[in-house]
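[1] Any chance you can model this:
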Amino acid sequence: MATKGRMFAGCTVALATPFRDGAVDEPVLRAWVEWQIAQGTPVISPVGTTGEAPTLSHAEHERVIAIVVETAAGRAKVLPGTGSNSTAEAVRLTKFAANAGADGALLVAPYYNRPSQEGIYRHFAAVAESVDLPIVLYNIPGRTGRNVEVETVERLAALGPIVAIKEASGSLDQVSEILVRTDLTVLSGDDSLTLPMLAVGAEGVISVAANLIPQDITALIREFTAGDLRAARERHARLFPLCRELLGLAPNPVPLKAALALLGRGNGELRLPLCALDEAALGRLSQALNQYGLLNR
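    The predicted structure is shown next:
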């Protein structure tokens, strides 16, 4: 069955935001976008969790979106994070993304204020009604404190602008129910679950690991889609240890920023309350990067 958001299928990189001396490092940000395009990444998603959006000012959030859209220049789709726990703020950010030329918007469920399912529905519906832009829902209950239940997703899927969902609930049953009950495109929100989610019908991933190895993430999806399950399983097994360390050693994007620094592609700078890995965790990350072969490239 054709799905609504197939334009966002495949590998989307959840782009990190580089900082220098406390400010967004715009030249490095542009360089990271250029690198992703050179690697063939079809969709770039800035200012999400990996992009440390909670610590960006409103002006910085908008500036990062504008830079990524301008730099991509149509060579890759841009799917910025525009979610908020304030519906009015989510509407404002999504309108900005649309006016800046983004190809869609990724909206996380409202966090901290723990709305009811009706409140969640009304939040997303208000954003969908405010803009003419494809919307990708983002369900990550471990961070928001609320699961977007399948019944709510089904109601939202009836709204034209809502075309896909990034699912990071960790439940394959929930993913399967969404696929059975809606025509939304489902995208994995957890690198280590990409292959299992593809197996039940997901069509891609919004990937943290793609900041480092976008071609390998793309190859996993391509192998599965082509029916080469043996190759996909072997690639998953190789990817799994690195992906688990990137998302398990500390809150995202702490390990990723450290990995980029180890690979000479950034300075590792974070914004509080996030802080650097301790020595033991950094050692484990270095070992994972070395085992994958990245430190030798």
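[2] what about Ala276, distance to Val28?
    18 Å (C-beta to C-beta, to the nearest Å). In this view, the C-beta of every residue, glycine as well, is placed from N, C-alpha and C.
[3] which one of those two has more residues nearby?
    Val28 (18 against 15; other C-beta atoms under 10 Å).
[4] Grab the nearest non-local neighbour of that one.
    Distances taken as C-beta to C-beta, 6 or more residues apart in numbering put Pro18 closest to Val28, at 4.0 Å, once the chain neighbours are dropped.
[5] Run a quick neighbour tally on the one you found.
    Using other C-beta under 10 Å, Pro18 has 25 other residues around it.
[6] which ones are touching Thr41?
    Cys11, Thr12, Val13, Ala76, Ala210, Pro214, Thr218 (C-beta atoms under 8 Å, 6 or more residues apart in numbering).
[7] Tell me which helix or strand the closest residue to Val200 other than its chain neighbours sits in.
    Take Val200 and drop its neighbours on the chain: the residue closest to it by C-beta to C-beta, 6+ apart is Ser176, 5.0 Å away. Using DSSP states H and E, Ser176 maps to helix 172-181.
[8] do you know how far the residue nearest to Val200 is from Arg155?
    Distance from Ser176 to Arg155, by C-beta to C-beta: 18 Å.
[9] what's the first-to-last distance across stretch 71-91?
    Start-to-end span of stretch 71-91 (C-alpha to C-alpha, to the nearest Å) is 24 Å.
[10] buried set for it?
    The neighbour-count check on stretch 71-91 (16 or more other C-beta atoms under 10 Å) flags 71-72, 76-85, 87, 90-91 as buried.
[11] Following element in sequence after the helix or strand containing Val153, please.
    Using DSSP H and E, Val153 maps to helix 150-157. Sequence order places strand 162-167 as the next helix or strand after helix 150-157, per DSSP H and E.
[12] Report all helices and strands that that following strand contacts.
    strand 135-139, helix 172-181, strand 185-188 (3 or more C-beta pairs under 8 Å, 6 or more residues apart in numbering; DSSP states H and E).
[13] go with 6 Å
    Applying 3 or more C-beta pairs under 6 Å, 6 or more residues apart in numbering; DSSP states H and E, one finds that strand 162-167 contacts strand 135-139, strand 185-188.
[14] what residues does the shortest one touch?
    Applying C-beta atoms under 6 Å, 6 or more residues apart in numbering, the external contacts of strand 185-188 come out as 3, 5-6, 164-167, 175, 178-179, 194, 197, 202-206.
[15] how far is the one helix or strand in the chain whose mean pLDDT sits lowest from where the chain is centred?
    In the chain, no helix or strand scores lower on mean pLDDT, DSSP states H and E than helix 141-144, which sits at a mean of 94. Taking C-alpha atoms, centre = their mean, to the nearest Å, one finds helix 141-144 lying 14 Å from the centre of the chain it belongs to.
[16] list the buried ones in that helix?
    Pro141, Arg143, Thr144.
[17] what's the burial count for the residue nearest to the second one when sequence neighbours are not counted?
    Right, Arg143. Distances taken as C-beta to C-beta, 6+ apart put Tyr111 closest to Arg143, at 6.3 Å, once the chain neighbours are dropped. Neighbour count of Tyr111, defined by other C-beta under 10 Å: 17.
[18] Touching, Tyr111 and Gly142? I think so.
    No: using C-beta atoms under 6 Å, Tyr111 is not in contact with Gly142; the gap is 10.5 Å.
[19] dump the residue contacts of Arg238.
    Contacts of Arg238 (C-beta under 6 Å, 6+ apart): none.
[20] could you point out which element follows the host helix or strand of Thr94?
    Using DSSP H and E, Thr94 falls within helix 87-100. The helix or strand immediately downstream of helix 87-100 is strand 105-108, counting by DSSP H and E.
[21] what's the angle from the next helix or strand after that next one to helix 150-157?
    Once the chain leaves strand 105-108, the next helix or strand it forms, by DSSP H and E, is helix 117-130. Comparing the axes of helix 117-130 and helix 150-157 via axes from the mean of the first three to the mean of the last three C-alpha atoms, to 10 degrees yields an angle of 20 degrees.
[22] Helix 117-130: which residues count as buried?
    Buried, per 16+ other C-beta under 10 Å, within helix 117-130: Ile120, Tyr121, His123, Phe124, Ala125, Val127, Ala128, Ser130.
[23] swap in stretch 158-175?
    Pro161, Ile162, Val163, Ala164, Ile165, Lys166, Glu167, Ala168, Ser169, Ser171, Gln174, Val175.
[24] Please report how far Trp35 lies from Thr152.
    On the measure of C-beta to C-beta, Trp35 and Thr152 end up 37 Å apart.
[25] Between those two, point out the one with more neighbours.
    Thr152 (21 against 14).
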